[in-house]
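Q: Show me the folded form of this:
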Amino acid sequence: MNFFLASLSIFMEIALAAIVDDFSCTVNGVYTSSATACANTISDQACAVFYPESSPNAGFPLPGNSVQRPYKCYSVNANGGAVSADMKKAAISNCAKTCGMCCLTPAYNCPNAPFPSMDCNSITASQCSSPIWRELIAKNCPAACGFCNDGGCVDGVTDCANDITICTNVVMQDFVNQYCKKTCGRCNGSNPSKPTCTKYPGDSASACAAWAANGYCTNSFYTDETRRRYCATTCKIC
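A: A predicted model of the protein is given here:
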């Protein structure tokens, strides 16, 4: 009987748990999807030690739940209370996921587009890693996937940086131009108007016609400076 009452007490404590003192990354008393979307800077195991649950078996913040976040994530007091800017800053820097504060990290803390072409609040974790959605999200809803520091430029696939030699591999250029724009520096920027001229410098390479037929003059793998150096006349570069 005593065991039953003790178990019931713990259950009621969890069921009635509510976020107090610090309401970061919550809406209507529950954690948002961006509350735990990031990774901890240090190991999850270490974070659980440094920021223990607010009470035994209380659990940690997760999207949709309303457990009290670990008190040490924001307060110097063992049972919460006044919010300490220094404690909160340390938690965001080291254990933002454990503390349910990912939305305050630089990668997630930015405004979305004023008039996005998609519903930023409905974006899922799978969309954040999907080649179909990543670029669209980066331009419209960067805060939803941690793209705040990318300036709208992201890789379409998530493992481009694992082997950066693909950026200079000639046979991989179509792929990197489409899926590895950030890693390989292929993002479209604001380009200044190119000067116009009626006479071009002479070609210094004898194979320019063949190169042009294979895309030398238009393939973004080659810089304008390189094309100008070897095939300025063929590529019509001043």
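Q: Helices of this structure, start to end?
A: 2-15, 44-50, 85-95, 125-128, 134-140, 142-145, 173-179, 208-213, 224-231 (DSSP state H).
Q: pLDDT averaged over the third one, what's the number?
A: Okay, so that is helix 85-95. Here helix 85-95 scores 95 as its mean pLDDT.
Q: And the last one, by the same measure?
A: Averaging pLDDT along helix 224-231 yields 79.
Q: what comes into contact with stretch 87-98?
A: 22, 24, 36-42, 44, 46-48, 50-51, 60-61, 70, 72-76, 99, 101-102, 104-105 (CB atoms under 8 Å, 6 or more residues apart in numbering). Backbone N, C-alpha and C define where each C-beta goes, glycine included.
Q: which residues does S43 contact?
A: Here S43 is in contact with no residue (CB under 8 Å, 6+ apart).
Q: which stretches of the chain aren't confidently modelled?
A: 1-17, 189-199, 220-221 (pLDDT under 70).
Q: on that earlier part again, which among the contacts of stretch 87-98 count as buried?
A: Among the contacts of stretch 87-98, those scoring as buried are 22, 24, 36-38, 40, 47, 50-51, 60-61, 70, 72-75, 99, 101-102, 104-105 (criterion: 16 or more other CB atoms under 10 Å).
Q: Pull up the distance across stretch 230-238, start to finish.
A: One end of stretch 230-238 to the other measures 12 Å (CA to CA, to the nearest Å).
Q: Can you give the distance of it from its chain's centre?
A: Taking CA atoms, centre = their mean, to the nearest Å, one finds the center of stretch 230-238 at 39 Å from the center of the full chain.
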